[in-house]
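Q: show me the folded form of this:
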Amino acid sequence: MAWIWMVPVAGAVLLWATSLGRILSYPAPSCVPPSPQFMPPLRGDRRSRNVLLVVAHPDDESMFFAPTILFLKSKGHNIHILCMSRGNADGLGNTRREELYHACDTLKIPHEQVKVLDHPKLQDGFHEKWDHGLVAELTMEHVQLWAINMIVTFDSYGVSGHPNHKDLHHGICKFLHANRQGNIEAWELASLNILRKYSGPVDIWLSSLISFSRSKQSIYTLVNSRPSKSYEAMAAHRSQWVWFRRLFVIFSSYTPLIPKTVLDLIDSRRRAFLWTGGSDKCNGSQCLISWDRVCLSKDAGGLGVRNLEDQNHCLLMKLVYKLLGPDDLPWKQWFMGCPHSWPRGHPHPRLTNQAQADLELLRSLLVTVSLNDSPDRRLMDAPGSHPFSSREAYHALHAGDPVLLGPQLIWGCRFPGKLKFFGWLVHFDRINSRASLFWKNIRPLDECFCPSCPGVLETSDHIFIVCPKATSVWSRLNIAVQAGDQTAP
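A: This next block holds a predicted model:
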């Protein structure tokens, strides 16, 4: 009769694995259901928000709010953390404060945007009663200090039921009621019953269903597609990293954690199934790619690709080898089953619509061309029929363009050539500014703001004209400058 118990156990394991697969399928921290009304970008130049996360103790930000922080960071918002106490219930206040800064390093929150208070009337403890008015007053002070326009904190139960969490919620509510301007948007972390709280990734289904069914109540589920970050942030609180908190992080639906060894095992099986059809491992020799030479890891500051040309050649060789090989692979069955399948004809066109149009134009021009053995002669199809050169081609393409005064002034001055070339790059916004690197998907958005102007993208106009440091330089030189049109992300 042992098999009777195996059925529900197998079903539970399958449900857990399916739930885990859905969470990991999200390419980035995501909101369910997707809604433009949930934390939309601000209007005007400042598209990012200044968000204040108000917590009661060090480690609250990692234990409960890690998915929220990762989601907000992925959207380019500025996160500020206000911790109302040092967590000195066990006499470890100074240690816990330093651990909070270490966790913020993991979450990429600058130390100057983190504040840990130590007020005598706001001390950590289950029997400590916090003054709601004092909480509201301190919140108002930091909202004004950091120009906050959004607050995130606990709900009335405080997730774990800690009295300090509950008092913090009521203090924030008192601040919001006193804020007559109504310019602060507030969100709270919903408390769950004990079954859902410790269901781990399985809760993704019920949370998504509730979010969809109650969309009018503004209830959203934030999916943590990078659970390892929650682990790293919580592990930074070494003094609090005891067995029951480890279990909470592993099984909690607030910070679902899958150990790295499990993730590596799942990923190796996935790659093995895809490329070898069921083998336990899939290494570089089977894929015929020297990944160390071709790819540069993102941790090293790259895009995962060291040389685009080598990467393309390796992937093409890998594709050809797999398609012509004897292995009956799942993806190969689908690929070869498509109409006009490879190698008789590629079933999926690789050209863009514009490239396809250019190809058709070229074919129409070659219809009347007869090939012979004589050497080719290239002539410009333009007045004068000059021999083909890059210079003549450029002038022919831009013959009808309006004359731009800026480039003429730049190239006509008597500055060295390098300075004129740099001025030309600045004029057309072609320097590799932080904003430019973001638009090229080389840098994440949270690394592309001006260090002196929080929330403002560092474009070339901003660097040399708009930034207060630049304007001070021009004013000292008694030169009036005016910014051009800035490109929005």
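Q: so for residue 77, what's the pLDDT?
A: pLDDT recorded at residue 77 is 87.
Q: how much space separates the closest residue to it other than its chain neighbours from residue 389?
A: Among residues not flanking residue 77 along the chain, residue 49 sits closest, at 4.6 Å (C-beta to C-beta, 6 or more residues apart in numbering). In short, each C-beta sits where N, CA and C put it, glycine included. Distance from residue 49 to residue 389, counting by C-beta to C-beta, to the nearest Å: 52 Å.
Q: of those two, who's got more company?
A: When residue 49 and residue 389 are compared for neighbours, residue 49 comes out ahead with 21 against 11, by other C-beta atoms under 10 Å.
Q: got phi/psi on the more buried one?
A: Taking degrees, to the nearest 10, you get phi -100, psi 150 for the backbone angles of residue 49.
Q: my guess is it contacts residue 152. True?
A: No - judged on C-beta atoms under 8 Å, residue 49 makes no contact with residue 152 at a distance of 10.6 Å.
Q: I'd like the average pLDDT over stretch 184-194.
A: pLDDT averaged over stretch 184-194 gives 81.
Q: need the contact partners of that stretch.
A: 64-65, 68, 143, 148-159, 161, 169, 172, 176, 203, 219, 253-254 (C-beta atoms under 8 Å, 6 or more residues apart in numbering).
Q: now, which of those residues lie within strands?
A: Of the contacts of stretch 184-194, the ones assigned to strands by DSSP state E are 150, 151, 152, 153, 154.
Q: of the residues you listed, which is the most crowded?
A: residue 154 (27 neighbours).
Q: make CSV out of the ones in strands among the contacts of stretch 184-194 and add pLDDT and distance to residue 96.
A: Shown next, in CSV, are the ones in strands among the contacts of stretch 184-194 (pLDDT from 0 to 100; distance: C-beta to C-beta, whole Å):
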residue, pLDDT, distance to residue 96
150, 90, 26
151, 92, 23
152, 92, 21
153, 92, 19
154, 91, 18
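Q: among the residues you listed, which pair sits farthest apart?
A: Based on C-beta to C-beta, the longest span within these runs between 150 and 154 and measures 15.3 Å.
Q: any regions of the protein where pLDDT drops low?
A: Residues of the chain meeting the criterion pLDDT under 70: 1-47, 193-218, 223-228, 242-312, 314-315, 337-352, 378-388, 403-405, 482-489.
Q: okay, now the domains of it?
A: 19-38+45-258, 267-336, 413-489 (automatic domain parsing).
Q: residue 123 versus residue 317, what's the distance?
A: Distance, residue 317 to residue 123, by C-beta to C-beta: 65 Å.
Q: which one's more surrounded, those two?
A: Counted by other C-beta under 10 Å, residue 317 and residue 123 do not tie: residue 123 has more neighbours, with 17 against 13.
Q: now name the helix or strand holding that one.
A: Under DSSP states H and E, no helix or strand contains residue 123.
Q: please report phi then psi for it.
A: According to degrees, to the nearest 10, residue 123 has phi -110, psi 150.
Q: right, and it touches residue 88 too?
A: Yes - Residue 123 is within contact range of residue 88, at 6.5 Å (criterion: C-beta under 8 Å).
Q: and of the ones in strands among the contacts of stretch 184-194, the nearest to residue 464?
A: Closest approach between the ones in strands among the contacts of stretch 184-194 and residue 464, by C-beta to C-beta: residue 150, at 31.6 Å.
Q: could you pull out the strands for the protein?
A: Going by DSSP E, the chain shows strands at 30-32, 50-55, 78-83, 114-116, 150-154, 185-189, 221-223, 449-450, 453-457.
Q: tell me which other helices or strands the last one touches.
A: What it means is strand 453-457. Strand 453-457 sits against helix 434-439, strand 449-450, with contacts defined as 3 or more C-beta pairs under 8 Å, 6 or more residues apart in numbering; DSSP states H and E.
Q: between the ones you listed, which one is closest to residue 336.
A: helix 434-439 (38.3 Å).
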